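J.: Fold the following.
(chains A and B)
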Amino acid sequence: MSREWSVRETEPQVLVAEHEGQVGARLRLLHAIGRDTPRHWYHVGRVVHAARELGIFQEQATLLLGNDLTGAAELCELQGQGPALQALLADALARLPAGRVIVELPGLRDTAGQSPFWQGLGRHFYGGDPHDALACHGSAWRGHVAALLPRQLVYTAFLPEAAQAAIGTAAPEAAALQQALQAAGFHPSDHVCIDDAGPVLLLNHAPG
Amino acid sequence: MNPEDFLLRAATAADLDALERMARASAVGITTLPPDRDALARRLERSAQAFATADDASGEEIYLFVLEDLAQGRIVGTSGIAASAGFADRFYSYRNEMVVAASAALAARNRIHTLHLCHDLTGHTLLTSFYVEPAYEGSAGAQLLSRARLLFIAQHGERFSDRIAAESPGLSDEQGRCPFWDAVGRRFFGMDYAAAEKLTGARNKAFIAELLPQSPIYVPLLPEQAQFAIGQMHPVAELPFAILQDEGFDSETYVDIFDGGPIVEARVALLKSVVACRARVLSGVDAGVPPAGDLHLLTTTDRAHFRAVVAPAQAGDGGVVLGEAASHRLAATPGDTLRVAAFRTGGVA
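T.: Numbering: from 1, shown residues only, chains lettered A, B, ... in the order given. Next up, the predicted model:
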């Protein structure tokens, strides 16, 4: 039996989908991100090294730190599932002008909460504990740590296998969310988060 | 061993057997002296041409020298010069750089060692092909073998760059496994070092370099063994490396793109032997036995018949006086101009 979900803004930027006073889904909607404080992502690219005479043809994945998605809208702090989430996403998108909309999904973590990607790359550039930094600075910690991360192209071949495998892979517990987002038109982009390499989903929003 | 037993001279076609023997004896191989008789014969030919030609230098020249033990009547070492590294192409190396980044908010600062693929050493004169039989490593002959090249360059400066470099083989084990290659080159070639060397053969390294990442390598991302190998040389290279360090070469800046071995680099004009040496006329021959004077490093100034020895000599503004044996070894007669630097055990004063 399907219920009617109504969406309203409960506080600035926060949208909830409600039914008879019960909140079924919630998100924060950000316009034009990275314009007050810079936001950073890795662009996942490819480089081909070819030497026909040597029979060598190597495709290499690369990471390049940048602010590529600056100016996009972002849906974050997503909670909920099913029709409530569906209704919420539809409503949120309807509020947005044409342009890019992103959602960052959490990346792979081990049972101790460690990210293999961070272990393979980030920790060599920032010796502190990411959990402590997050506790202290909130999500802004990623902007702070970006100042310490490699500015030049990193060939992923230099990373441990577990770190390479984590690039663009969402945590299993985010699978349902990813499905809902893909049903709403989002697709994996060439960008990942700088701490755990979780995927950034992208929608080129073209209303009406 | 008596310093006066040694003669360093320009190599000739007749030295092929000795050169091949030394190329095969070298523990890690001398990259510029492949153990291939035909290739060595061609190199000797090119060298003879470089010593003899009246043409202006093109930069393509290589000069090979051999060290004779006259008491034993045999050749016991070799060394060489390539006029211009990467002639007509590029000479690649990794430049060590430190990148420092800071985050005030996190109260953190890092200092990251990076390797930058570069062409800085292209066109530098390159010291190459150093090999001396192990029994001679502590002898004046080994010093002569390395340093006489610098006097040759000082004498014929128009044929060389004013910057000079020399490669040392990096760390590898007896099976030819090389930790730096395994961490860097192998990822882009998918083969071991020996196979890559064989495959590329006599090709210019530039060919290989094009397959390497063009962006800096962040050293902390490499396995520890590979990090340790950066700037470390194979033990066989210790003697020639030590001589060049004593001459004032800098060993901190560049490493080889394949095995991570150090590449030393310097301004020719600032090298100890170059600063110390003077052109002096052979003003007389001392018939005394032994002849008077301190040990000197002496070379002829005639490019085509280059010879160098270590011998007692009296040198001053009025010229240089040598013993009969030494002038005979140099094939020099009074009136000839020599290049002279004071010599002491372990180096040139």
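J.: report the longest helix in chain A, please.
T.: In chain A, taking DSSP state H as the definition, the longest helix is helix A:82-94.
J.: Which positions within that one qualify as buried?
T.: Within helix A:82-94, the residues scored as buried using 16 or more other Cβ atoms under 10 Å in any protein chain shown are A:Pro83, A:Ala84, A:Leu85, A:Gln86, A:Ala87, A:Leu88, A:Leu89, A:Asp91, A:Ala92, A:Leu93. Backbone N, C-alpha and C define where each C-beta goes, glycine included.
J.: Now narrow the residues you listed to whatever sits close to chain B.
T.: Subset of the buried residues of helix A:82-94 in contact with chain B: empty, counting by Cβ under 8 Å from any Cβ of the partner chain.
J.: now the residue minimising distance to the centre of chain B, nearest residue through space, not along the chain?
T.: Central residue of chain B (Cα atoms, centre = their mean): B:Leu127, 2.9 Å from the mean position. Closest residue to B:Leu127 apart from its sequence neighbours, by Cβ to Cβ, 6 or more residues apart in numbering or on different chains: B:Ala166 at 3.9 Å.
J.: sorry, back to before: looking at it, the residue nearest to the centre of chain B is touching B:Phe152, isn't it?
T.: No - taking contacts as Cβ atoms under 8 Å, B:Leu127 lies outside contact range of B:Phe152: 10.7 Å.
J.: I would like the residues contacting the longest helix of chain A, please.
T.: A:2-3, A:5, A:7, A:15-17, A:19, A:24-27, A:29, A:75, A:78, A:80, A:101, A:177, A:180-181, A:183-184, A:203, A:205, A:207 (Cβ atoms under 8 Å, 6 or more residues apart in numbering or on different chains).
J.: start to end distance for stretch A:194-208?
T.: 34 Å (Cα to Cα, to the nearest Å).
J.: on that earlier part again, so can I have TSV of the buried residues of helix A:82-94 showing distance to B:Ala237 and pLDDT?
T.: As requested, these are arranged in TSV below (distance: Cβ to Cβ, whole Å; pLDDT from 0 to 100):
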residue	distance to B:Ala237	pLDDT
A:Pro83	72	93
A:Ala84	70	95
A:Leu85	66	95
A:Gln86	68	94
A:Ala87	72	95
A:Leu88	68	95
A:Leu89	65	96
A:Asp91	71	95
A:Ala92	66	95
A:Leu93	66	95
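J.: since we're on B:Ala292, how many residues are nearby?
T.: Applying other Cβ atoms under 10 Å in any protein chain shown, we find 11 residues neighbouring B:Ala292.
J.: what's it in contact with, if anything?
T.: B:Asp286, B:Pro312, B:Gln314, B:Val321.
J.: Look up phi and psi at B:Ile75.
T.: In terms of degrees, to the nearest 10, the main-chain angles of B:Ile75 are phi -90, psi 130.
J.: likewise B:Met191?
T.: Main-chain torsions, B:Met191, degrees, to the nearest 10: phi -150, psi 160.
J.: Leaving out sequence neighbours, find the closest residue to A:Gly113.
T.: Nearest to A:Gly113 is A:His131, by Cβ to Cβ, 6+ apart, at 7.0 Å.
J.: any idea which element that neighbour lies in?
T.: Assigned by DSSP states H and E, A:His131 belongs to helix A:130-137.
J.: now do B:Arg9
T.: Using DSSP H and E, B:Arg9 falls within strand B:6-10.
J.: Show the subsequent helix or strand relative to that strand.
T.: Next helix or strand after strand B:6-10 toward the C-terminus (DSSP H and E): helix B:16-25.
J.: Quick one: list the elements packing against that next one.
T.: Counting contacts by 3 or more Cβ pairs under 8 Å, 6 or more residues apart in numbering or on different chains; DSSP states H and E, helix B:16-25 is packed against helix B:37-52, strand B:62-69, strand B:74-82, strand B:125-132.
J.: JSON lines please, covering these and showing mean pLDDT and distance to B:Met191.
T.: As requested, the helices and strands packed on helix B:16-25 are arranged in JSON lines below (pLDDT from 0 to 100; distance: least, Cβ to Cβ, whole Å):
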{"stretch": "helix B:37-52", "mean pLDDT": "95", "distance to B:Met191": "22"}
{"stretch": "strand B:62-69", "mean pLDDT": "97", "distance to B:Met191": "29"}
{"stretch": "strand B:74-82", "mean pLDDT": "96", "distance to B:Met191": "27"}
{"stretch": "strand B:125-132", "mean pLDDT": "93", "distance to B:Met191": "26"}
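J.: As a quick check, tell me the outermost residue of the chain.
T.: Here I'm looking at chain A. Computed with Cα atoms, centre = their mean, the residue of chain A farthest from its C-alpha average is A:Glu53, at 41.2 Å.
J.: right idea, wrong chain: chain B
T.: In terms of distance from the mean C-alpha position of chain B, B:Ala105 ranks first, at 49.6 Å (Cα atoms, centre = their mean).
J.: what are the phi and psi values for that residue?
T.: phi -60, psi -40.
J.: Okay, helices next: where are they in chain A?
T.: Using DSSP H, helices in chain A cover A:82-94, A:116-120, A:130-137, A:141-146, A:161-166, A:175-183.
J.: I meant chain B, not that one.
T.: With helices called from DSSP H, chain B shows them at B:16-25, B:37-52, B:140-155, B:179-183, B:185-189, B:193-200, B:205-209, B:224-229, B:238-247, B:272-276, B:324-330.
J.: Give me the angle between the third one and strand B:74-82.
T.: Counting by axes from the mean of the first three to the mean of the last three Cα atoms, to 10 degrees, helix B:140-155 lies at 30 degrees to strand B:74-82.
J.: For helix B:140-155, list the C-alpha coordinates in PDB.
T.: Coordinates of the C-alpha atoms in helix B:140-155 are reproduced here as PDB (Å, rounded to 0.1, in the frame of the first residue of the first chain):
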ATOM      1  CA  ALA B 140      97.700   5.100  -8.000                       C
ATOM      2  CA  GLY B 141      96.600   3.500 -11.200                       C
ATOM      3  CA  ALA B 142      93.000   3.600 -10.200                       C
ATOM      4  CA  GLN B 143      93.300   7.300  -9.400                       C
ATOM      5  CA  LEU B 144      95.000   7.900 -12.700                       C
ATOM      6  CA  LEU B 145      92.300   6.000 -14.500                       C
ATOM      7  CA  SER B 146      89.600   8.300 -13.200                       C
ATOM      8  CA  ARG B 147      91.300  11.700 -12.800                       C
ATOM      9  CA  ALA B 148      93.400  11.800 -16.000                       C
ATOM     10  CA  ARG B 149      90.100  12.100 -17.800                       C
ATOM     11  CA  LEU B 150      89.500  15.400 -16.100                       C
ATOM     12  CA  LEU B 151      92.900  16.800 -17.200                       C
ATOM     13  CA  PHE B 152      92.100  15.600 -20.700                       C
ATOM     14  CA  ILE B 153      88.800  17.600 -20.500                       C
ATOM     15  CA  ALA B 154      90.500  20.600 -19.000                       C
ATOM     16  CA  GLN B 155      93.000  20.600 -21.900                       C
END
